[in-house]
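Visitor: here is a sequence together with a model predicted from it:
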Amino acid sequence: MRKTFRFSASFFNVTLFLLFATLGLNSCKESDTLGGNLLPSSDQSQFKTSSKFNLTTFTIKEDSIKSDDLSISLIGSYVDPIFGKSTASFITEFVSSTNQLDFGSNPIADSIILTMTYSSYYGKVNKFDGLQKFRIYKVSNGLIKDSSYYSAENPNKYASESDFISEHTFLPDPSGKYQTGTPVEKFKLPLSFGQQFLNNQSLINSGGFLNFFKGFYLKPVNDFQASGQGAVLSFNLINPEVPSKMTLYFHNDNNGANQKFEMLINSDCSRVNFFKHDRNGIPAINNQFTDTTQGKTQLFIQNMAGLSSKIWFTNLESWKDSMPLAITKAELIVPVESSLIAIYGVPSRLLLVEKDDQGQYVSISDFDLGDSYFNGNYNPSKQTYNFNLALYIQEILAGKRTQKGLYLVPTASAVGANRVVLKGSNFIKFNVTYTKIK
């Protein structure tokens with residue numbers, strides 16, 4: 001587990017200065033100009049700020065991300081006028097509420113209800129634009145516990161059209177406007193499906209519940225959605241206070257009154273999210289994949305393994321000529337385009353990360369100093385994301401790190417559906433505060 005330290009800004013600045021001043025005492029005195037003419041010709045012992053940096057920025061497609069056994073399960077689709085259509089689906093297992101089934105003599109299904117507990121939503125859920133249509137399939141090729149699953153996998157490997165159970169068209173109620181208590185969504189399933197459990201009591205008891213019923217695959221089929229319609233719904237399937245479950249109501253010859261058998265979703269159940277993005281007819285994004293210069297004006301960030309943006313400091317290497325320096329602050333200020341923020345809320349936080357030799361995202365040193373130092377939170381009054389990269393810049397200038405470029409990514413991409421349009425390198429500010437070490 002990563003340990004996170006928090007320091008006040010003044011404490012960190014003094015500590016960092018003393019650290020690099022000590023390291024720099026044995027260094028040869030170098031030119032008092034920073035990268036040619038970047039450093040002012042005033043007293044070198046004072047702290048100074050420079051914004052004379054060149055940035056290259058552009059949008060890139062995200063790779064598939066690990067999306068199994070997460071706290072939130074996403075399903076639904078929405079058609080964003082700027083980003084195109086985004087779709088989420090998921091698979092979940094169930095566990096039996098009892099170790100040994102006993103349905104009595106001649107059990108007959110009365111109803112079977114799937115109940116899922118809401119967490120939130122992203123998009124529109126009103127009666128004009130929020131309609132959703134889901135299909136539910138029985139999983140035939142089950143998940144393997146403790147295996148890794150990724151968002152771009154083909155869910156048809158686990159359930160095919162022949163596994164179809166039911167289809168449901170409904171208006172979501174994730175805010176609980178039309179219900180009391182914690183909001184849930186309920187789907188009435190076919191009686192014939194419920195009767196399968198009652199008819200196979202002995203098989204389930206001898207072979208195990210999960211061998212008989214490997215779970216559900218739920219997917220949206222919202223071909224009717226137009227631009228500006230739809231939403232991705234978030235469900236907390238493992239909420240212990242309001243459990244998501246499938247409830248089979250039945251009667252038998254021994255008891256005519258309704259009895260019930262519950263099949264629960266909990267943390268022991270494997271779950272996988274799947275994501276898909278259709279950007280046909282979205283030139284503002286697609287053109288950046290082939291012409292990175294268009295990243296000068298706009299950048300696009302999207303959850304659900306959608307989009308991230310790369311940032312490169314093109315003239316940073318020239319600062320090495322004026323080492324030793326102590327970088328006390330390096331603030332990157334990324335402004336947000338206001339397009340459709342009222343409809344599609346922006347991520348509350350973004351991260352700046354590197355890629356390792358295996359192509360996996362890894363944190364930079366500044367992140368390890370804590371949220372209050374590194375920042376990355378959205379500032380709604382200024383409509384910006386701010387980051388402090390002092391250690392990252394210091395390490396590059398000191399030759400301890402090779403610049404590979406930074407990636408601007410959303411947090412928790414597999415459990416959120418947010419997106420944001422950012423302004424590109426022509427508008428991003430990078431202010432570095434430093435002092436020359438003699």
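Guide: Received, thanks. Numbering: from 1, shown residues only.
Visitor: how does this structure divide into domains?
Guide: Per automatic domain parsing, the domain ranges recorded for the chain read 9-63+282-436, 73-269.
Visitor: roughly how far out does the longest one sit from the chain middle?
Guide: Read it as domain 9-63+282-436. Centroid displacement of domain 9-63+282-436 relative to its chain, using Cα atoms, centre = their mean, to the nearest Å, is 20 Å.
Visitor: next, format the domains of the chain as TSV and append mean neighbour count and distance to Lys276.
Guide: Any C-beta I mention is one placed from the backbone N, CA and C, and that applies to glycine too. As requested, those are exported to TSV (neighbours: other Cβ atoms under 10 Å; distance: least, Cβ to Cβ, whole Å):
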stretch	mean neighbour count	distance to Lys276
domain 9-63+282-436	17	9
domain 73-269	17	5
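Visitor: any idea which of the ones you listed scores lowest on pLDDT?
Guide: When mean pLDDT is averaged over each of the domains of the chain, domain 9-63+282-436 scores lowest at a mean of 82.
Visitor: quick one, helices of the stretch 151-300 of the chain?
Guide: 191-199, 201-207, 209-212, 283-286 (DSSP state H, counting those that start in this stretch).
Visitor: which strand is the longest one in this protein?
Guide: strand 108-123 (DSSP state E).
Visitor: just the CA trace of it, in CSV.
Guide: Taking Å, rounded to 0.1, in the frame of the first residue of the first chain, the C-alpha atoms of strand 108-123 are listed here in CSV:
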residue,chain,number,x,y,z
ILE,A,108,-44.4,-23.5,-8.5
ALA,A,109,-42.9,-20.1,-9.3
ASP,A,110,-45.1,-17.1,-8.6
SER,A,111,-42.7,-14.4,-9.7
ILE,A,112,-39.0,-13.7,-9.9
ILE,A,113,-37.6,-10.2,-9.4
LEU,A,114,-34.1,-8.8,-10.0
THR,A,115,-33.4,-5.8,-7.7
MET,A,116,-30.3,-3.6,-8.1
THR,A,117,-29.3,-0.8,-5.8
TYR,A,118,-28.4,2.6,-7.4
SER,A,119,-25.3,4.6,-6.7
SER,A,120,-25.6,7.5,-9.2
TYR,A,121,-25.9,8.3,-12.9
TYR,A,122,-24.2,10.4,-15.6
GLY,A,123,-26.3,11.9,-18.4
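Visitor: what packs against that strand?
Guide: strand 73-80, strand 184-189, helix 191-199, strand 230-235, strand 245-251 (3 or more Cβ pairs under 8 Å, 6 or more residues apart in numbering; DSSP states H and E).
Visitor: turn these into TSV, columns for distance to Thr402.
Guide: Formatted as TSV, the helices and strands packed on strand 108-123 follow (distance: least, Cβ to Cβ, whole Å):
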stretch	distance to Thr402
strand 73-80	37
strand 184-189	50
helix 191-199	58
strand 230-235	38
strand 245-251	52
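Visitor: Val336 is nearest to which of the ones you listed?
Guide: Of all those, strand 73-80 sits nearest to Val336, with 15.6 Å by Cβ to Cβ.
Visitor: and the helix or strand just after the closest one, what does it pack onto?
Guide: Remark: after strand 73-80, the chain's next helix or strand is strand 84-92, criterion DSSP states H and E. With contacts taken as 3+ Cβ pairs under 8 Å, 6+ apart, strand 84-92 sits against strand 73-80, strand 216-220, strand 271-278.
Visitor: if we can go back for a sec, can you redo the helices of the stretch 151-300 of the chain as TSV with distance to Tyr407?
Guide: Output for the helices of the stretch 151-300 of the chain, formatted as TSV (distance: least, Cβ to Cβ, whole Å):
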stretch	distance to Tyr407
helix 191-199	45
helix 201-207	47
helix 209-212	39
helix 283-286	17
